[in-house]
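[1] Any chance you could fold what I've pasted below:
(one chain, ligands or ions: 1)
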Amino acid sequence: MLDCVIIGGGPAGLNAALIMGRAGRQTILFDEDKPRNRVTQESHGFITQDGIKPSEFKKRARTDVGKYPSVSIKEERVETVEQTGRVFRIQTKGGAEYVAKKVLLATGLQDILPEIPGIQNVYGTSVFSCPFCDGWEMRGQALAVIAENERAFHMGKLLSNWSRDVMVFTNGYRVPNEDKAILARQDVVVVEEKVAALRSNGGQLTSIQLQTGQEIEREAGIVMTGLVQSAPFAEQLGCELTPNGGIKVDSFGRTTVEGVYACGDTSLSTPSQLVIAAAEGNKAAAGVIMDLVETAFLLP
Ligand SMILES: Cc1cc2nc3c(=O)[nH]c(=O)nc-3n(C[C@H](O)[C@H](O)[C@H](O)COP(=O)(O)OP(=O)(O)OC[C@H]3O[C@@H](n4cnc5c(N)ncnc54)[C@H](O)[C@@H]3O)c2cc1C
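    So this is what the prediction gives:
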């Protein structure tokens with residue numbers, strides 16, 4: 001029987017796998033290889049790895065994990081996870097079944113983009129989801145925030161850190177007048193008209209066309225996306241979720257179901273970053289190992 005199955009091979013799952021390997025624990029990591037940041041060419045903000053290509057990051061991480069013989073990585077989607085007594089049965093898309101003492105969910109999130117024509121052409125090249133990740137590259141430019149709800153206010157303020165020319169496009173959502181007045185103190189402009197399309201050239205945003213026919217030049221920006229869990233396992237296993245849909249965990253990644261752990265973006269805490277996901281993977285693996293060790297000391 002496996003000590004642990006890790007589902008998801010982003011920074012969270014891979015760092016967890018590294019720690020499991022360094023404890024000599026029998027572990028398989030399954031990864032479908034559809035990470036949240038797959039649309040980007042560079043990742044920023046991870047010390048020693050700043051500017052790295054996401055695929056190169058993953059390659060290096062897999063090389064690190066590959067040094068430890070008790071861990072193997074399988075590029076396969078997990079379809080089901082079922083608890084039977086104190087163990088977990090994991091079935092893959094290919095139909096193979098594995099049994100493990102612990103399951104670590106590192107399945108990440110997926111972004112849901114607003115339904116605005118042209119947005120797919122710029123997402124990940126000049127329009128991103130987080131200024132801590134990509135704000136530096138767009139500093140000083142004519143920036144757009146695309147946000148269709150109350151988060152427009154927060155992101156309008158935040159993005160003003162990187163440029164003095166920020167316009168918030170709400171696509172019909174009405175920003176309260178008092179919030180507009182606060183944004184205006186730092187010259188952040190709110191445009192509430194419906195957006196017809198984003199215009200771009202080779203992935204570079206050039207303008208935002210409104211349904212009124214007006215076209216406003218913009219060079220880059222941030223879009224507030226919807227966020228959904230990539231996998232349904234936490235809910236299926238009965239793990240408690242946070243009010244915003246994240247998996248509730250303690251500081252060692254333990255969910256509310258014994259034997260099930262979670263790390264990385266799945267907790268839906270902000271900001272979501274590679275370095276934070278990796279750190280959470282590290283801690284969750286430590287939680288798994290400590291719990292396995294404790295069990296060995298229990299009286300039969
Ligand atoms: C456009 C964009 C740009 C970003 N830029 C940066 C940046 O510059 N710097 C930064 O620090 N962060 C950046 N991020 C955030 C970063 O991508 C996430 O915080 C990070 O990827 C979270 O890591 P994770 O391991 O939790 O999840 P992920 O990296 O999303 O990995 C989850 C993995 O689990 C796999 N998986 C899911 N379900 C299954 C299943 N059923 N079976 C098998 N495998 C499964 C997925 O295929 C995926 O490979 C960016 C995000 C976006 C959207």
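
[2] what about residue 209, which helix or strand?
    strand 204-210 (DSSP states H and E).

[3] Next, see if that strand gets close to the ligand.
    No. Contact of strand 204-210 with the ligand (CB under 6 Å from any ligand atom) is absent, the minimum separation being 13.9 Å. For glycine as for every other residue, the C-beta is placed from the backbone atoms N, C-alpha and C.

[4] helix/strand/coil for the spatially most central residue of the chain?
    What sits nearest the mean C-alpha location of the chain, by CA atoms, centre = their mean, is residue 265, with 4.3 Å. Put simply, residue 265 is helix when judged by DSSP: H, G, I helix; E, B strand; the rest coil.

[5] Could you do residue 76 as well?
    With three-state DSSP as the criterion, residue 76 reads coil.

[6] Name the nearest residue to it, sequence neighbours excluded.
    residue 92 (4.7 Å; CB to CB, 6 or more residues apart in numbering).

[7] doesn't residue 293 fall inside a helix?
    Yes. Counting by three-state DSSP, residue 293 is found in a helix.

[8] pLDDT value on it, please?
    pLDDT for residue 293: 98.

[9] Run through the strands of the stretch 151-300 of the chain in chain order.
    Here the stretch 151-300 of the chain has its strands, by DSSP state E, counting those that start in this stretch, at 166-169, 189-191, 195-201, 204-210, 215-217, 220-223, 226-229, 260-262.

[10] Remind me what the first one packs against, helices and strands.
    Helices and strands in packing contact with strand 166-169 are listed as strand 143-146, helix 151-159, strand 189-191; criterion 3 or more CB pairs under 8 Å, 6 or more residues apart in numbering; DSSP states H and E.

[11] Which among the ones you listed is found nearest to the ligand?
    strand 143-146 (13.4 Å; CB to the nearest ligand atom).

[12] if we can go back for a sec, now the strand holding residue 209: buried residues?
    Residues 205, 207, 208, 209, 210 are the ones in strand 204-210 that count as buried (16 or more other CB atoms under 10 Å).

[13] number of nearby residues for residue 214?
    As a burial measure, residue 214 scores 12 neighbours (other CB atoms under 10 Å).

[14] Tell me which residues touch it, please.
    residue 193 (CB atoms under 8 Å, 6 or more residues apart in numbering).

[15] one more time with 10 Å
    By CB atoms under 10 Å, 6 or more residues apart in numbering, the contact list for residue 214 reads 191, 193, 196, 207, 208.

[16] mind putting the residues you listed in a markdown table, pLDDT included?
    Below are the contacts of residue 214 laid out as a markdown table (pLDDT from 0 to 100):
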| residue | pLDDT |
| --- | --- |
| 191 | 98 |
| 193 | 97 |
| 196 | 98 |
| 207 | 98 |
| 208 | 98 |
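
[17] Dump those residues to a markdown table, plus distance to residue 106.
    Formatted as a markdown table, the contacts of residue 214 follow (distance: CB to CB, whole Å):
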| residue | distance to residue 106 |
| --- | --- |
| 191 | 39 |
| 193 | 41 |
| 196 | 39 |
| 207 | 39 |
| 208 | 36 |
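
[18] Which members of these are the farthest-apart pair?
    193 and 207 (14.0 Å; CB to CB).

[19] Looking at the stretch 151-300 of the chain, what residue ends up closest to the ligand?
    residue 264 (2.3 Å).

[20] Spatially nearest residue to that residue, not counting backbone neighbours?
    Looking at residue 264 with CB to CB, 6+ apart, the closest residue is residue 12, at 2.6 Å.

[21] So the helix or strand harbouring that neighbour, near the ligand or not?
    Residue 12 belongs to helix 11-22 when elements are defined using DSSP H and E. Yes. Applying CB under 6 Å from any ligand atom, one finds helix 11-22 touching the ligand at 11, 12, 13.

[22] Go through these and name the one nearest residue 217.
    Using CB to CB, these come closest to residue 217 at residue 11, 36.1 Å.

[23] How many residues are close by that closest one?
    Neighbour count for residue 11, taken as other CB under 10 Å: 32.

[24] if I pick it, what's in contact with it?
    Applying CB under 10 Å, 6+ apart, the residues near residue 11 are 35, 37, 43, 46, 49, 54, 57-58, 61, 106, 108, 263-265, 273-282.

[25] Only whichever of these are buried, select them in ChimeraX.
    ChimeraX command restricting the contacts of residue 11 to the buried ones, with burial defined by 16+ other CB under 10 Å:
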select :35,37,43,46,49,54,57,58,61,106,108,263,264,265,273,274,276,277,278,279,280,281,282
